[in-house]
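> Here is a sequence together with a model predicted from it:
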Amino acid sequence: MVVFHCGGCGEALKKNQVDKHIASTCRRVSSLSCIDCGKDFT
């Protein structure tokens with residue numbers, strides 16, 4: 001399971017939750033970090 005860390009609020013998100021989180025929950029997202037590999041996505 002792929003999990004990301006939100007750079008805006010610190011919440012851990014499953015891959016299928018990312019789009020909804022950005023659209024409605026956290027508009028401050030500057031980047032998402034993959035918890036498994038550590039890569040940042042902007």
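Yes, it's here.
> Can you report how many residues lie near the closest residue to residue 30 other than its chain neighbours?
For residue 30, ignoring the flanking residues on the chain, the nearest one in space by C-beta to C-beta, 6 or more residues apart in numbering is residue 7 at 4.7 Å. All C-beta atoms are positioned from the backbone trio N, CA, C, and that covers glycine. By other C-beta atoms under 10 Å, the residues close to residue 7 number 16.
> Also residue 42?
7.
> Distance check, residue 33 against residue 26.
14 Å (C-beta to C-beta, to the nearest Å).
> Then residue 16?
Distance check for residue 16 against residue 26: by C-beta to C-beta, it reads 16 Å.
> Same question for residue 7.
Here the criterion is C-beta to C-beta. By it, residue 7 lies 9 Å from residue 26.
> Run through the strands of the chain in chain order.
Applying DSSP state E to the chain gives strands spanning 3-6, 12-14, 32-34, 40-41.
> Just put those strands in TSV and tack on distance to residue 20, mean neighbour count and mean pLDDT.
As requested, the strands of the chain are exported to TSV (distance: least, C-beta to C-beta, whole Å; neighbours: other C-beta atoms under 10 Å; pLDDT from 0 to 100):
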stretch	distance to residue 20	mean neighbour count	mean pLDDT
strand 3-6	12	18	96
strand 12-14	9	14	95
strand 32-34	13	16	95
strand 40-41	16	12	93
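> Looking at these, which is nearest to residue 21?
Among those, strand 12-14 comes nearest to residue 21, with 5.4 Å by C-beta to C-beta.
> partners of that closest one, with directions?
Paired strands of strand 12-14, with direction, are strand 3-6 (antiparallel) (DSSP bridges).
> Other residues contacting the partner strand?
The contact list for strand 3-6 (C-beta atoms under 8 Å, 6 or more residues apart in numbering) reads 11-15, 18, 21, 26, 29, 32-36, 41.
> how far out from the middle of the chain is that strand?
Centre-to-centre, strand 3-6 and its host chain are 4 Å apart (C-alpha atoms, centre = their mean, to the nearest Å).
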